[in-house]
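Novice: This is a predicted model, with the sequence first.
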Amino acid sequence: MTSPAPAAPQIPPPSWADTLKVYLEGPTLRMLLLGFSAGLPLVLVIGTLSFWLREAGIDRTTIGYLSWVGLVYAIKWTWSPLVDRLPLPLLTRWFGQRRSWLLLTQVVIMLGLVGMALNDPRQALQPMVWCALLVAWGSATQDIALDAFRIESADARRQAALAASYQTGYRVAMIWAGAGVLWIAARAQGAQTSGYQQGAWQTAYLVMAASMLLGMITVLLSQEPVPREFKPSKNVSEWLRGALVEPFADFVKRYRWRALLILALISVYRISDVVMGIMANPFYVDMGYTKDEVAAVSKVFGLIMTLLGAFVGGAMSMRLGVMRVLMLGAVLSAATNLLYAWLGAQGHNVAALIAVISADNLASGIATAAFIAYLSSLTNVSHTATQYAVLSSLMLLAPKFLAGYSGVYVDDHGYNQFFIATALLGVPVLLLVWLVMRMERSDPQP
C-alpha cells in the first residue's frame with residue numbers, strides 16, 4: 001500500500017516590508033507610467049465625451065448609443081494574435097515586438113484625439129464618431145501589447161503589484177482625462193463659466209493628445225521583455241492554428257469544466273460600473289454641476305481615493321488572496337451605485353458630490369486591481385497577449401452592449417431608478433465569485 005504524497009509546503013505570505021519594496025522596482029514603476037498611457041484614451045471616447053456631447057445639446061439616447069464605440073475594446077481579441085506574433089516593418093527590428101506595437105498605437109491615439117478636437121459635434125457628429133473609433137482601436141490595440149508587456153515583465157508573485165501600479169497610473173490618467181479635461185476647458189472658456197464653447201473643448205483635447213507623449217517616452221526608455229521563440233510555421237494554416245486555436249485550446253485544457261464558470265464571472269464582473277458610468281457625466285450636467293465643480297472634486301478627492309484604492313487592492317490581493325478581494329470589490333461596486341441614487345435626491349450639493357465620487361473611486365480602485373491580478377493569473381505565458389485580450393474583452397462585451405441602452409432607460413425611468421437598477425446588476429456577480437471560490441477550494445487551479 002503506497003503512502004500518501006506529502007502535502008505541499010505552505011508558503012508564508014510576504015511581509016509588509018517586502019510587499020512595499022515591490023512597488024519601488026523598475027518594472028512596477030514603468031507600469032505606473034504605461035498605465036497612464038492606457039487609461040487616458042478610454043475616458044476621452046466614452047466618459048468625458050458624454051459630458052462634451054451633453055453640454056453641446058446632444059440627447060441622452062444618442063449619447064448612450066455612441067457608447068458602443070467602446071465595443072471595440074470588447075472585440076480586440078480578434079486581432080490580438082497579430083499583436084502577439086506579427087512583426088512590424090522596421091519598428092520590430094528597432095524596438096522589439098511589444099514596444100513596436102506600443103509606439104504604433106500611441107501615435108494612432110494621438111492622431112485620433114487631434115481629429116476629435118478639430119470637429120464640432122453641433123455641426124456634424126459623424127466625423128467625431130470616426131475619430132473616436134480610431135482612438136478606440138488604437139487604445140484597444142495598445143492594451144493588448146501592454147498587457148503582454150506587463151505579464152512578461154515579472155514573475156507571477158509580482159503580478160498583483162504590477163497590476164496595482166498599472167491600475168494606479170490608469171486611474172490617474174482617467175482623472176486627468178476626466179477632471180483634467182473639464183478643468184482645462186473651463187480655463188479656456190474664460191469668464192463665461194457655463195454654457196458651450198467649442199474652442200474650449202478643442203484646447204482640452206489637444207492637450208490630451210500631447211499627454212500621450214508620456215507613454216511614448218516611457219516605451220522608448222524601457223527594455224523589451226525577453227522575446228519568446230515560436231516554432232516557424234510551414235504555411236498560413238499552421239500559423240493560424242498556433243496564433244488562434246492553440247491559445248483557446250490551452251485555456252480549456254488547463255481549466256476543463258471550470259472554464260465556463262470562470263468566463264461567466266469575467267464577463268459580468270464590472271457590469272455595474274460600466275453600465276452606470278455612461279450616464280454619470282450627463283447626470284452631472286443635468287444636475288447643474290459646472291465643469292469646474294466636477295473637475296475640482298474629481299481632481300482632489302477622486303485622485304486620493306483612486307490611489308488609495310489601487311494600492312489597497314494590490315496589497316490586499318498579495319496578503320489575503322485575489323478571490324477575497326474580488327468579492328469585496330464586487331460588493332463595493334454595487335453599493336456605490338446606490339449612492340448616486342441618493343445624490344440625485346440632494347439637488348445641487350457639492351459636499352454630497354465629494355462623498356459619492358470619493359466612495360466610487362475607492363471601490364473601483366480596489367475591485368479593478370484585484371480583477372487585473374486575477375485575469376493575469378489565468379494566462380499562460382506562451383500565449384500571453386491573445387489569452388489576456390480574450391479575457392479582458394469578455395469583461396467588456398456584455399456591459400458595453402447593455403450600456404448602449406442606458407440613455408433610453410434614463411429617458412424612460414429617470415436617473416434614480418437607473419442607478420438602483422445598475423446596483424442590482426451586481427447581485428449575480430456576488431454569486432459567481434462565491435461559486436468560483438468554492439470551485440477553487442474543491443478543485444485547485446492548475
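Specialist: Now that the structure is in, tell me what you want to look at. Quick caveat: nothing in here was measured; it's all calculated off a predicted structure.
Novice: Okay, now the unreliable bits of the stretch 1-150 of the chain?
Specialist: Where the stretch 1-150 of the chain drops to pLDDT under 70, the residues are 1-27.
Novice: what are the ranges of the helices in it?
Specialist: Read by DSSP state H, counting those that start in this stretch, the stretch 1-150 of the chain holds these helices, from start to end of the chain: 16-22, 26-45, 47-55, 60-66, 71-74, 80-85, 91-95, 97-117, 126-151.
Novice: and the next element down the chain from the last one?
Specialist: Sequence-wise, the next helix or strand downstream of helix 126-151 (DSSP states H and E) is helix 159-175.
Novice: Show me which positions of the helix or strand following that following helix end up buried.
Specialist: In the C-terminal direction, the helix or strand that comes right after helix 159-175 (DSSP H and E) is helix 181-189. Taking 16 or more other CB atoms under 10 Å as the neighbour-count basis, helix 181-189 is seen to contain the buried residues 181-186, 189. No exception for glycine: its C-beta is placed from N, CA and C like everyone else's.
Novice: can you give me the angle the longest helix along the chain makes with helix 159-175?
Specialist: Selection of the longest helix in the chain by residue count, based on DSSP state H, yields helix 350-378. For helix 350-378 and helix 159-175, the angle between their directions (axes from the mean of the first three to the mean of the last three CA atoms, to 10 degrees) works out to 140 degrees.
Novice: Give me the angle between the very next helix or strand once past helix 350-378 and helix 97-117.
Specialist: Taking DSSP H and E as the definition, the helix or strand that follows helix 350-378 towards the C-terminus is helix 384-403. Helix 384-403 and helix 97-117 are oriented at 30 degrees to each other (the same axes, to 10 degrees).
Novice: and helix 384-403, what other elements does it pack with?
Specialist: For helix 384-403, the packing partners by 3 or more CB pairs under 8 Å, 6 or more residues apart in numbering; DSSP states H and E come out as helix 71-74, helix 80-85, helix 126-151, helix 246-255, helix 258-268, helix 271-277, helix 350-378.
Novice: Can you tell me how far residue 190 is from residue 48?
Specialist: In this structure, residue 190 lies at 20 Å from residue 48, with CB to CB, to the nearest Å as the measure.
Novice: Likewise for residue 352?
Specialist: Relative to residue 48, residue 352 is positioned 22 Å away (CB to CB).
Novice: between those two, which one's more packed in?
Specialist: In this comparison of residue 352 against residue 48, neighbours counted by other CB atoms under 10 Å, the higher total goes to residue 48 at 24 against 16.
Novice: Is the more buried one in contact with residue 180, as I believe?
Specialist: No - with the criterion set as CB atoms under 8 Å, residue 48 and residue 180 do not qualify as a contacting pair; they are 9.0 Å apart.
Novice: was I right about residue 280 contacting residue 340?
Specialist: Yes - applying CB under 8 Å, one finds residue 280 in contact with residue 340, separated by 7.4 Å.
Novice: so the nearest residue to residue 273 once chain neighbours are set aside, which of the three states?
Specialist: Once flanking residues are discounted, residue 273 sits nearest to residue 333: 5.4 Å by CB to CB, 6 or more residues apart in numbering. Secondary structure, DSSP: H, G, I helix; E, B strand; the rest coil: residue 333 is helix.
Novice: quick one: residue 333 and residue 391, what's the gap?
Specialist: Between residue 333 and residue 391 the distance is 18 Å, computed by CB to CB.
Novice: do residue 310 as well
Specialist: Relative to residue 391, residue 310 is positioned 20 Å away (criterion: CB to CB).
Novice: The two: which has the busier surroundings?
Specialist: Using other CB under 10 Å, the more surrounded residue of residue 310 and residue 391 is residue 310, with 30 against 21.
Novice: who are the neighbours in contact with the more buried one?
Specialist: Residue 310 makes contacts with 164-165, 167-168, 171, 365-366, 368-369, as judged by CB atoms under 8 Å, 6 or more residues apart in numbering.
Novice: again, only using 6 Å
Specialist: For residue 310, the contact set (CB atoms under 6 Å, 6 or more residues apart in numbering) comprises 164, 167-168, 171, 365, 369.
Novice: From these, pick the one nearest residue 67.
Specialist: Set against residue 67, the nearest of the contacts of residue 310 by CB to CB is residue 171 (19.8 Å).
Novice: any idea which element the closest residue to that closest one other than its chain neighbours lies in?
Specialist: Counting by CB to CB, 6+ apart, the nearest residue to residue 171 once its immediate chain neighbours are dropped is residue 306, at 3.9 Å. When secondary structure is defined using DSSP H and E, the element that contains residue 306 is helix 303-320.
Novice: any idea how far residue 418 is from residue 399?
Specialist: As judged by CB to CB, residue 418 and residue 399 stand 15 Å apart.
Novice: hang on, the earlier thing: which one of the contacts of residue 310 is nearest residue 70?
Specialist: Sorting those by how near they are to residue 70, with CB to CB, puts residue 171 at the top with 17.4 Å.
Novice: Am I right that the closest one is in contact with residue 308?
Specialist: No - counting by CB atoms under 6 Å, no contact exists between residue 171 and residue 308, whose distance comes to 10.3 Å.
Novice: More neighbours: which of those two?
Specialist: residue 171 (25 against 16).
Novice: Pull the contacting residues for the more buried one.
Specialist: By CB under 6 Å, 6+ apart, the residues touching residue 171 are 306, 310, 365.
Novice: can you pull the pLDDT of it?
Specialist: At residue 171, the predicted lDDT confidence score is 77.
Novice: spatially speaking, which residue is in the middle of the protein?
Specialist: Centrality entry for the chain: nearest residue to the mean C-alpha point is residue 39, 6.6 Å, by CA atoms, centre = their mean.
Novice: And residue 105, how close does it get to residue 112?
Specialist: Computed with CB to CB, the distance linking residue 105 and residue 112 is 10 Å.
Novice: Please disregard the earlier target; I meant residue 34.
Specialist: Using CB to CB, one gets 19 Å for the distance from residue 34 to residue 112.
Novice: circling back: may I see the buried residues of the helix holding residue 306?
Specialist: In terms of neighbour count (16+ other CB under 10 Å), helix 303-320 has its buried residues at 303, 305-318.
Novice: can you tell me the average pLDDT over stretch 328-340?
Specialist: The predicted model assigns stretch 328-340 a mean pLDDT of 90.
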